[in-house]
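> 3D model of this:
(2 chains)
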Amino acid sequence: MDYDVMVVGAGIAGMEAAVSLGDMGYRVLLVEKEPSIGGKMILLSKVFPTLDCASCISTPKMALSASHANIDLRVFSEVREVRRDGAGGFRVRVARKPAFVDFAKCTGCQDCEKACTVTVPDEYNENLVSRRVAHIAFPQAVPKKAVLDRAGTSPCTAACPAGIKANGYISLIRQGEFARAFQLVLDDAPLVGTLGRACYAPCQRECTREEIGDAPHIRHLKRFVADWYYERHPEPEYGPPEKKLDKRVAIIGSGPAGLSAAYFLARRGYPVTVFEAGPEPGGMLRSSLPDYRLPKDVVDRDIHNVTALGVEVRVNARVDSLAGLREQRFDAVLAAIGTPKPKKLLVPGEDLAGVVSGIEFLAEVLCGQKLDLAGRRVAVIGGGNVAIDAARTALRLGAAKVVLQYRRSRAEMPASPEELAAAEAEGVELALLSNPVAFEGEAGRLQRVRSVRMKPAEAGADGRRRTVPVPGSESAAEFDLAVVAIGLSAEAAALRRELPLARDGSIQADPRTLQADRPWLFAAGDAVTGPAMIVQAMGLGKRAAFYMDRWLRGEALDRVEFEPRLPVVDKKEVLARQTEYPARSVTKGERHPQERIKDFDEVELPFRPDEAVASAANCLNCGICSECQECKRVCPADAIDFDQRERVDEYAVRSVVVATGFRLFPAELMETFGYGKYPNVITAMQMDRLVAPTRPYNYVLRPGDGKAPANIAYVFCTGSRDRTKNNPICSRVCCMYSLKQAQLLLGALPVADITIYNIDIRAFGKGYDEFFEQTRAMGVRFVKGKVARVSEAGNGNLKVRYEDIDAGGTVQEAEHDLVVLSVGIVAHDECRGLFADAELQLDETLFVAQPGKQVDPARTSIPGVFSAGTATGPLDIPDSILSAGAAAAQTAAYIERMKRKP
Amino acid sequence: MEEKKRKIGVYICHCGGNISDHVDVEEVRRRIEKEYGVTVAKTSMFTCSDASQTEMMKDIQEQGLDGMVVASCSPKLHLTTFRNMSTRAGLNPFQYVQVNIREQCSWAHSDDHEGATCKAANLVGAGIEKALRQEALQPIRVTSVKKVLVIGAGIAGLRAAIELADLGVEVFVVEREASGGGQVAALGEMFPAGKVGSELAASLLAEARRRPNVTLFLNAELAEKSGHIGEFELAIRVRPPGAAEETVRIQVGAILVATGFAEYEPKPGEYAFGQPGVVTLSQFEKLLQEGDGRLLHQGREVRTVAFIYCVGSRQCGEGEDLNRWCSRYCCSAACHQAVLAARKFPGVRSYHFYRDMRTYGKFETIYEEAGKAGAVFLRFHEERPPRVERDGDSLRVVVQDLLTGGDEVAVAADLVVLVTGMTARPNDALTRVLKLPLGADRFYNEIHPKLRPVETVIDGVYIAGACQGPKNAGESVVSSLSAVAKAAALLIKGYVDLQPFVAYVQADTCTWCGKCQPACPYGAIEKVAYGDKEVARVVDVLCKGCGACLPPCPVDATQLKGYTDGQVEAMIDVLAREAEHER
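Numbers count the residues shown, from 1 in each chain, chains lettered A, B, ... in the order given. Down below sits the predicted model:
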């Protein structure tokens, strides 16, 4: 038996029961679902009728619960199941929710809280103020450990093949932390400037805010931080890592995949050599992305992020043999050789002068060859991004007419819609459902493109709509240049003979580890996947580096997940969090199409800092935690652990005490009282926070406009004694806590008028009626009568319509500047489903039933399960504490009887 | 001064900003680090955090500290925390000194940072002086006898006895009356569970008697008590009717007082009490039980009942002896009786004259049920209570009913039931024997309604049930079971550790002038022979360390451990020196 008793819930009753049982020598498991024990009581201001500070009463009990030799405390944990073990005891399953903080290391210093970039409503302050996502529940929390709220992975971050934390850098930009935002991107991908311009931004398509408008311009924000940072740091701020490992790595290809892998391996301390066949590193970034989209100085600066780590890039160094590399004593090799070979149409005339491939055309232009297309007619064949780049480049070279010819319809075009739109704006003509059948020319030079019209047919094996030629629709048009950009494939090179190839020519590697048929050989990038996005190649480079490192260190590659992530947040859930979405619209600027086609300067205009911050501020923080890593950066104890996941422990216990407490009546259910509609209608729990020692403001003020209230109304029995709200019973505490608040308010706001609208004043406990009389003597006005309606009077004041019984039952109306709803206590069904093989009976008000009411108050319908505190119904604090004591005694007697049983 | 140089560790807490927002914690550290004896002086974001405690323990062990000062919050919060830490580190826990610079400096002087910082440094300085002169103390450990005396065999006492017995504790129950069961034994159907009181009492008595480790003394009273928590010596006086009185001496570890309440007895003439047709709540309860087919009072059939609430409760106006409290159970009880009357005697109508209907919590449904059963409710203002008038043979209750616009309403009634409240049961002899404190309401007083609701200032003496304040039967049981938990925790362990901060007498100096003895409120000072003279001696286990015996001593022979003259004077010196300095 692990424990004599498990106490569920560590509010005042749970703590009292646990400590009493612990004092009696029983081993207690105390489980609390919140990050701190203390329940609702610790959040209160003072407590009636003695007006002790709730903290002063609670904290010693909290400290004792946490330090008691016989109590094991599990906070931020939930009981998942209680099952009878057949021997009179129970098997219980307790889940520790991930706090993403190693409690053993956390010292409660709150540095993470100060650094955290996301705020959410502070539930411990009844949502009157906000708190950070990394937070300690409240100042007196026990244990004083930080917790991170994470709803899951933000859709933008989840969409990034390179694992770039989009939500994170947006959050940092929102804070004006541009350098940190840059660093956060750099942590996942070295080519920040490149991605900020030329990435097709799958993140943007997934952005939840796209559904309601004003989504942040995610890629453009990345460009902003790259520009901002590079302007201030022409060179990286770091050099080669101090740690030097002796295993050497060779990387073949210096495109995005190769550079990314080189970067991550070099950061880990490996000496890395990159072999580039061309004259300069960068692969396709350099040879096929036009400057108006990606200036080459940006690529240069990006590559410095890699080379600064000591990565050696050998240019004009074509690798012909893996064996040769092994002879040069490289311990591991990554093939990131891309797909540099253009596909051919395989139609007559393709070898004519004036017919070129897209990437050849782009490469020529990019390596500085002067091409003048002034007055020329250019046909670009293909529907992908290379085709569009070629078409737009042709325009910039002065072409009189550029036609983009594509055999399917617009919907099937693989090009980014953004790029296509830009091309059309610049004057590129589209010839859709049209396919060349021959290039015709004279003297070996292109003169005409003969094409056929196509029509849709049924979908092919790949699911895309196929098209078929329309018979007899052939026609020819005059063109001076035809650029064929219909796809890329792997190159036939000497090296490939040594590589494991699939039928389509791609390198075969384990899709998870990217390890090829030899353990020291890995492959990444387009060479593995076929032509894909830059960001995807970079992601694969990172993945390959991760597994290469493990392999080089002799660690197993199986069972270890690369960059484990929480499940993606449901967008519907995100959109349900708020009722309003204020936004500042920010438009991404572009040069005018007629202007920009005159040169190769960038099309997009950069954000100003204020635009960047405004655009970032439209982010909805879908994941709640943005993963900006600031907490991790500042934590002096290295306690932040994003990889923490729920853990379920199982224990054997003899008995269970249910001390799961209550729920406050949701005031918005009283529609006529205007809670949630009028800002100056608040609940009494909110008022308790306003007057608590750890109050959110230093003054009592009304939320609507911050004015100090001078005429406060209390509306009693909000949600209690009301069959229309399915709560026929009295909540026992509301009269008294309101009287207490009235007394405290008269101290805080000596000139304020306080009116209490009540049916009966139920001051029934020891010293309570005396407290009521005292409150009356202090000048609080009591009006007997039920409030019918609260409405706004303008200037934020509220009109209270009520029946005045003392004045002959007439209907009256009074104006107040703050209305406090004395909300009742209702049951929550948390404990209902816990018991797997027995029913925990509830009473008609859904509180835990007490079948032994008069003499066995703590007994429940399940033998061995006892109840304490408000789990069984509304109780004030003294009665809760007494009931917990009774539960302890009855549980102890039960345990003793069980022990005596043969 | 002290013989060997002491090594004191000082930790000053930021309390996350609770302190450091208003007190320059680093400056405090700078000011005290050079003080005599200070070996370690550090600041910490949260001294109470696990990490800080670990660091302190390391310092204690590595630096060989023999005194520890933590300047943080009120000792109410973390005195125990740091004493436990000291114990774990091998330092005598009583050589730990807590200095409160949060409540006493940062919170009190949030408008004056410099002043708060000075005051904090001075308080820490004084704490260091105290620690320098603090010798290692051992807790006063007394063994506890695993037996309990329960006083009162009502529902609370019997229920406690049964539970204690099941926990392996031997229980003695003394009951003043000739039979057990208390007031519940006289009741019929009770709310809210619908159990019959007499049956409930009988079954509890049987359960108690069934247990071999429960001894029930009827016609018995506690006559004498001596000893202390864990080991009380008691004399029980038993007066069986028709037999000789006998005194039984027993030893117990704890005492549970469950003597119940007395129903308020209306003064003659109060709401016509004393006249025919005017009864109390309990008298009406009996009529309900007795009536068979017809509700009868003094041979006459009752068709209309008028309940007048708050009789003997919530009394207002001037005067010392007024029952100002609410008796808690009576609203529900009266409604319940109206429901029972309507059920048992269809046709009986009830009228309820009330002030506030306090059917709290789930008892609200009883109120609702009474209304459904035809009860009519009239509300009176406390300054305009109803009048009971006699009209020939019949009674009439006249009231200004607030629910119908303050009209004067007269209700003719066959029976007027005064809804009488609960008062403290007169128990002067017992109160004297136990030295139990009473509240202004003359009920027994707990130490604190939330922190220690069933404990009294007399260690080892617990109160339960309605002797502490008005409660219904179920609530009495809850409180008595709660007392069981406390008593059991005390006794199961087998010993009690008392704090060693008690007074002691320097016998060489003492001349036995006798002045200290009457000053002690706990009877902890005794006269003993010392060599050839008589001196005072403090009985450790009785002393509460209040210090009342110190001032009367003309020769300063009495001292208080932990607050010796030397310690207090040194502390004052620091504070005075600093005050001088600041001027």
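> Put the alpha carbons of the biggest strand by length in chain A into PDB.
Looking across chain A with DSSP state E, the single longest strand is strand A:445-459. Taking Å, rounded to 0.1, in the frame of the first residue of the first chain, the C-alpha atoms of strand A:445-459 are listed here in PDB:
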ATOM      1  CA  ARG A 445      16.700  29.700 -84.300                       C
ATOM      2  CA  LEU A 446      13.200  29.800 -82.700                       C
ATOM      3  CA  GLN A 447      10.500  31.700 -84.500                       C
ATOM      4  CA  ARG A 448       7.200  30.200 -83.500                       C
ATOM      5  CA  VAL A 449       5.800  28.100 -80.800                       C
ATOM      6  CA  ARG A 450       3.100  25.800 -82.000                       C
ATOM      7  CA  SER A 451       0.600  24.900 -79.300                       C
ATOM      8  CA  VAL A 452      -2.500  23.000 -78.800                       C
ATOM      9  CA  ARG A 453      -5.500  23.900 -76.600                       C
ATOM     10  CA  MET A 454      -6.100  21.500 -73.700                       C
ATOM     11  CA  LYS A 455      -9.300  20.600 -72.000                       C
ATOM     12  CA  PRO A 456      -9.900  19.100 -68.500                       C
ATOM     13  CA  ALA A 457     -10.200  15.400 -68.200                       C
ATOM     14  CA  GLU A 458     -10.700  13.100 -65.200                       C
ATOM     15  CA  ALA A 459      -8.200  13.200 -62.400                       C
END
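> What is the distance between it and the centre of its chain?
Counting by Cα atoms, centre = their mean, to the nearest Å, strand A:445-459 is centred 47 Å from the centre of its parent chain.
> can you pull the buried residues of that strand?
Residues of strand A:445-459 classed as buried by neighbour count (16 or more other Cβ atoms under 10 Å in any protein chain shown): A:446, A:447, A:448, A:449, A:450, A:451, A:452, A:453, A:454. Heads up, the C-betas are built off the backbone N, CA and C, glycines and all.
> Mind pulling the model confidence for the most centrally placed residue in chain A?
The residue lying closest to the centre of chain A (Cα atoms, centre = their mean) is residue A:623, at 1.6 Å. pLDDT, residue A:623: 97.
> Name the nearest residue to it, ignoring sequence neighbours.
Using Cβ to Cβ, 6 or more residues apart in numbering or on different chains and skipping the chain neighbours, the partner closest in space to residue A:623 is residue A:154 (3.9 Å).
> how about the closest residue to chain B within the stretch 501-650 of chain A, what does it touch?
Going by Cβ to the nearest Cβ, chain B is nearest to residue A:637 of the stretch 501-650 of chain A, at 7.2 Å. Neighbouring residues of residue A:637 by Cβ atoms under 8 Å, 6 or more residues apart in numbering or on different chains: A:105, A:106, A:107, A:109, B:51.
> quick one: which of the residues you listed is nearest to residue A:646?
residue A:106 (18.0 Å; Cβ to Cβ).
> how close does the closest one get to chain B?
Computed as Cβ to the nearest Cβ, to the nearest Å, the residue A:106 to chain B distance reads 8 Å.
> What does the pLDDT read for that residue?
91.
> shouldn't it be in contact with residue A:639?
Yes. Contact between residue A:106 and residue A:639 holds when scored by Cβ atoms under 8 Å: they sit 4.2 Å apart.
> what sits against residue 447?
Looking at chain A here, since you left the chain open. Residue A:447 neighbours (Cβ under 8 Å, 6+ apart): A:440, A:441, A:478, A:479.
> Hmm, no, I was thinking of chain B.
Here residue B:447 is in contact with B:455, B:456, B:457 (Cβ under 8 Å, 6+ apart).
> which among those residues gets closest to residue B:288?
residue B:456 (37.0 Å).
> The closest one: neighbouring residues, count only.
Residue B:456: 21 surrounding residues under other Cβ atoms under 10 Å in any protein chain shown.
> Return the backbone torsion pair for it.
phi -120, psi 170 (degrees, to the nearest 10).
> wait, what's in contact with it?
Applying Cβ under 8 Å, 6+ apart, the residues near residue B:456 are B:436, B:437, B:444, B:445, B:446, B:447, B:462, B:463.
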